[in-house]
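J.: Requesting a structural model of the entry that follows:
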Amino acid sequence: MKTKIMNPKIWLILIAVMHTFMGVIGSYMTMGGSIENLSIFLYLGTVSIYLLYAAFMTEGQAQARLATILCAPIVVWFIISAILKLEMYGVPVAEMPSALLPIALWTMPALTGIMNWNSD
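T.: Now for the predicted structure:
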């Protein structure tokens with residue numbers, strides 16, 4: 001019997017909501033709504049749309065594979081950014097220990113996607 005926590009859909013929705021509020025709205029409030037920052041807001045919003053598409057428009061094996069393909073590269077990016085102390089717009093991308101939460105949250109849909117890769 002599968003538990004709900006091992007369902008990629010739950011993690012995709014959680015990541016999309018958090019990405020929208022913290023990534024798009026939080027960045028807008030922090031960086032200001034100037035035209036110079038518009039591209040980052042649009043990009044972050046686009047990622048949220050991809051995640052919501054995977055959560056609501058797919059199911060089973062397709063959803064698990066999309067969760068893995070969309071989220072695993074972000075986990076790798078966070079880890080590399082933490083190791084190399086990379087910055088984006090003058091702000092650290094993954095400053096430890098505060099980067100542990102996003103790394104853990106992005107890992108969950110990737111991990112549940114891998115575990116359900118051959119479902120159905």
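
J.: Contacts for the helix or strand bottoming out on mean pLDDT in the chain next, please.
T.: Within the chain, judged by mean pLDDT, DSSP states H and E, the helix or strand with the poorest mean is helix 26-31; its value is a mean of 78. Applying Cβ atoms under 8 Å, 6 or more residues apart in numbering, the contact partners of helix 26-31 are 37, 40-41, 44, 89. Every C-beta, even on glycine, is put in place using the N, C-alpha and C of the backbone.

J.: So which bits of it are buried?
T.: Buried residues in helix 26-31, counted by 16 or more other Cβ atoms under 10 Å: 27-28.

J.: how about the helix or strand that comes right after that helix: buried residues?
T.: Next helix or strand after helix 26-31 toward the C-terminus (DSSP states H and E): helix 38-56. In terms of neighbour count (16+ other Cβ under 10 Å), helix 38-56 has its buried residues at 40-41, 44, 47-48, 51-52, 54-55.

J.: returning to what we had before: can I get the CA coordinates of the least confident helix or strand of the chain in PDB?
T.: C-alpha atoms of helix 26-31 as PDB (Å, rounded to 0.1, in the frame of the first residue of the first chain):
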ATOM      1  CA  GLY A  26       8.900  37.200  -2.700                       C
ATOM      2  CA  SER A  27      11.500  38.200  -5.400                       C
ATOM      3  CA  TYR A  28       9.100  40.900  -6.700                       C
ATOM      4  CA  MET A  29       8.700  42.400  -3.300                       C
ATOM      5  CA  THR A  30      12.500  42.200  -2.500                       C
ATOM      6  CA  MET A  31      13.900  43.200  -5.900                       C
END
